[in-house]
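> okay, sequence plus prediction incoming.
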Amino acid sequence: MDQKRLIAAIAISIGILLIFEILWNQPAREAQLRRQQEMAQVTPQPAAPEVPTPGPISGLITPPTGERSAAIGEPQREAPRLRIETPRLSGTLNLRGAAIDDLILKDYRETVRPDSPQVRLLAPRYAPAGYFAQWGWTAADGRTPVPGLETEWSASGGPLAPGRPVTLSWENGQGQEFRIILSVDDNFMFTAEQQVINRGPEPVQVLPWARVRREHTPQTAGFFILHEGFTGVLDGRLREMTYSDARSEAEKRRGPALEQETGAGWLGITDKYWLAALTAVDPSLRHRAAYRHVPEGGRDRWQVDLAPASAQPVPAGGQAALSTRLFAGAKEVHLLDSYRDRLGIPDFDKAVDFGWFYFLTKPFFYALHWLAEIFGNFGVAILVFTVALKLAFFPLANKAYKSMSRMKVLAPKMQEIKERYKDDPAKAQAEMMALYRAEKINPASGCLPILIQIPVFFALYKVLFVTIEMRHQPFFGWVRDLSAPDPTNLFNLFGLLPFDPAAWSTFLHMPAWAIFMGITMWLQFKLNPTPPDPIQAKIFAWMPLIFTFMLASFPAGLIIYWTWNNILSIAQQWWIMRLERQRNAKAGVPEAPPPAAAAKPKKG
């Protein structure tokens, strides 16, 4: 029974790895390629020189070429723009519609190549990958003219930079002036204060709103362990929804895929590493938040929007204001933590998909990040972290290795029982279990050190896969990105042959680090006692090769972790077995025969 459970555990582990490779690893690589092709269609536009204009308006620049207005495909006069310039962002604010629709992340590039394009997060509405944030009003009283999506705003100040807010203004001709005061910090957080000044003779009612809108469906990795699409924390609950689920839910409800009144919270659209999200500045106010699927012109469009739960009354001679924040940038864990704590944005760190094992994956990230700051290299951090894990699991592994050493000594007795009851498998099994109990040996001990690694492996996999801090982090030599597979390949003689076998099949990707891992795994299994059951022995014999092929296309950081862990395990196991041999020699216990001899039946 114990052998069956052991074989089942190994089969399940291998099955999980197969599922990861077939359903997730390959789609991820294909999605990354499509993403790069998609982003190549939106070439970042450099900021043009300022257009000289009289009066207080400054920082206006020419728009990205090819920009179009409300009627799709209908060329219009180019929209005026205001430059955005911060230590980490560059782009423009579209004064037609009060939209941030041109934003580039200065610190990040599409690939590890230093000359690759910088990552563009937001793009104009009618670009192939349109993606923007916008602020506006709805006339709640049904009679007050409000600015529209194509309204051209006047700008005071600029360029928009930290410590240099800009004010957009527009008057409706009936005594109401609308203003949007925009500011930005040194990182990725914008603040918009929407004001209405009523100089008319009658009170008015308006509803200010903010939205993030995506004019296309992006290519996603399609990983079970990674969420991409709508995300947010509303009234303390994490609400995630993929694009396909949002489409289905919107069609079923014939309205928003999700609409909820909430207090403190946030909502947005997330990619693997990037986020555009809205949150209210005043957490005491109730707001209505929505995820929307908007099919238009034969394309799927996606939107999150945030508005007060009730309209704002603005008395004659009075004014009203509402402030919201827009995060548009990289999902850096410590930065999200800082915004959560300083600005009171609840659970903002959950924009990073740490998953169900949040309690394990996030501490792993903190530990690795701290070690990387000390050693200056995330790969070295993984090595040091692995040593720490080995020390933490040392007592358990120590017990397992001692049990395996005793099993080696008992190999002749186990073979004798097998031969004595070769015609009665049930009796042989019962005698074997009796021997295990008498010697206080766990027959599954050989698999225990590997089973211990599995949750650690997946937690580390999650950290490497979802955190941007691991993106494009080099190790040494040819490994330039720990979050990507090792680029070398045995099947093209490590680059000597000018073709990529992995383009035909993922199983034809056999990098150098995976080979190192397979060798260390084989050495580790050789130290284990050979199982008396032939089926179990064959499984153990093939496991190093199977694991090598299954893990070959995993991130290089994981392969390095597993290889280093194997080396440490081999050293620990060799040391324990050496002590056991010395103890047995002193006690007069005979040395066990070699595994092959122990497993080989006697003739005659």
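All right, it came through fine.

> who's in contact with the residue most central in space within the chain?
In the chain, the C-alpha nearest the mean C-alpha coordinate belongs to V466, at 2.1 Å (C-alpha atoms, centre = their mean). Neighbour list for V466: 225-226, 272, 352-355 [criterion: C-beta atoms under 8 Å, 6 or more residues apart in numbering]. Backbone N, C-alpha and C define where each C-beta goes, glycine included.

> ok, so of those residues, who is nearest P315?
The closest of those to P315 turns out to be V352 (C-beta to C-beta; 44.3 Å).

> just give the nearest non-adjacent residue to the closest one, would you?
Of all residues not flanking V352 in the chain, K331 sits nearest, at 5.1 Å (C-beta to C-beta, 6 or more residues apart in numbering).

> my guess is the one you found contacts T270. True?
Yes. Under the criterion of C-beta atoms under 8 Å, K331 makes contact with T270 at 7.4 Å.

> now do the shared contacts for these two.
Shared between the contact lists of K331 and T270 (criterion: C-beta under 8 Å, 6+ apart) are residues A351.

> look at the two and report which has more neighbours.
Between K331 and T270, K331 has the larger neighbour count (other C-beta atoms under 10 Å), namely 24 against 21.

> circling back: in a markdown table: the contacts of V466, plus secondary structure, distance to L278 and neighbour count.
Listed next are the contacts of V466 as a markdown table, based on DSSP: H, G, I helix; E, B strand; the rest coil; distance: C-beta to C-beta, whole Å; neighbours: other C-beta atoms under 10 Å:
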| residue | secondary structure | distance to L278 | neighbour count |
| --- | --- | --- | --- |
| I225 | coil | 26 | 17 |
| L226 | coil | 22 | 18 |
| K272 | coil | 20 | 23 |
| V352 | coil | 18 | 27 |
| D353 | coil | 19 | 22 |
| F354 | coil | 22 | 22 |
| G355 | coil | 24 | 17 |
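
> give the buried residues for the strand or helix carrying A585.
Take DSSP states H and E as the rule and A585 turns out to sit in helix 556-587. Under the neighbour-count criterion of 16 or more other C-beta atoms under 10 Å, helix 556-587 has 556-570, 572-573, 576-577, 580-581, 584 buried.

> can you map out the helices along the stretch 201-350 of the chain?
243-253, 333-343 (DSSP state H, counting those that start in this stretch).

> M550 is nearest to which of these?
Closest to M550 of the helices of the stretch 201-350 of the chain, according to C-beta to C-beta: helix 243-253, at 28.0 Å.

> what distance do you get for the residue nearest to V352 to L105?
11 Å (C-beta to C-beta, to the nearest Å).

> repeat for T279
With the distance defined as C-beta to C-beta, T279 ends up 20 Å from L105.

> swap in K538?
Look at K538 and L105: by C-beta to C-beta, they are 52 Å apart.

> so what pLDDT did the closest residue to G97 other than its chain neighbours get?
When the adjacent residues along the chain are set aside, G97 lies closest to L149, with 5.0 Å between them (C-beta to C-beta, 6+ apart). Listed pLDDT for L149 reads 89.

> ok so, going back, closest one of the contacts of V466 to R253?
Using C-beta to C-beta, D353 comes nearest to R253 of these, at 25.2 Å.

> ok, the closest residue to that closest one other than its chain neighbours - contacts?
Ranked by C-beta to C-beta, 6+ apart and with sequence neighbours excluded, the top spatial neighbour of D353 is H227, at 4.6 Å. Residues near H227 by C-beta under 8 Å, 6+ apart: 240, 242, 270, 353.

> do you know the pLDDT at the last one?
Model confidence at D353, given as pLDDT, is 92.

> likewise for L360?
Per-residue confidence (pLDDT) for L360: 85.

> with M433 instead?
81.

> and if you look at Q205?
At Q205, pLDDT is 96.

> make sure it is actually in contact with S310.
No. Judged on C-beta under 8 Å, Q205 makes no contact with S310 at a distance of 9.4 Å.

> show me where the stretch 501-604 of the chain dips below the pLDDT cut-off.
505-507, 528-534, 536, 580, 584, 587-604 (pLDDT under 70).

> got it, and the stretch 101-250 of the chain?
By pLDDT under 70, the weakly predicted segments of the stretch 101-250 of the chain are 221-223.

> which residue ranges of it form strands?
With strands called from DSSP state E, counting those that start in this stretch, the stretch 101-250 of the chain shows them at 118-122, 131-139, 154-156, 166-171, 176-184, 189-198, 204-214, 229-234, 237-238.

> just send these back as CSV, with distance to L410 too.
Converted to CSV, the strands of the stretch 101-250 of the chain look like this (distance: least, C-beta to C-beta, whole Å):
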stretch, distance to L410
strand 118-122, 60
strand 131-139, 65
strand 154-156, 84
strand 166-171, 80
strand 176-184, 70
strand 189-198, 65
strand 204-214, 64
strand 229-234, 55
strand 237-238, 52
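
> closest one to P346 among these?
Among the strands of the stretch 101-250 of the chain, strand 229-234 comes nearest to P346, with 5.4 Å by C-beta to C-beta.

> dump that closest one to CSV, restricted to CA.
C-alpha atoms of strand 229-234 as CSV (Å, rounded to 0.1, in the frame of the first residue of the first chain):
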residue,chain,number,x,y,z
GLY,A,229,-7.7,41.4,-17.0
PHE,A,230,-10.0,43.2,-14.5
THR,A,231,-8.8,43.4,-10.9
GLY,A,232,-9.6,45.4,-7.8
VAL,A,233,-10.4,45.4,-4.2
LEU,A,234,-13.9,46.5,-3.5
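
> go ahead and name everything in contact with that strand.
For strand 229-234, the surrounding residues in contact (C-beta under 8 Å, 6+ apart) are 220, 238-243, 245-246, 257-258, 260, 262, 265-270, 275, 277, 289, 291, 302, 304, 346-348, 350-351.
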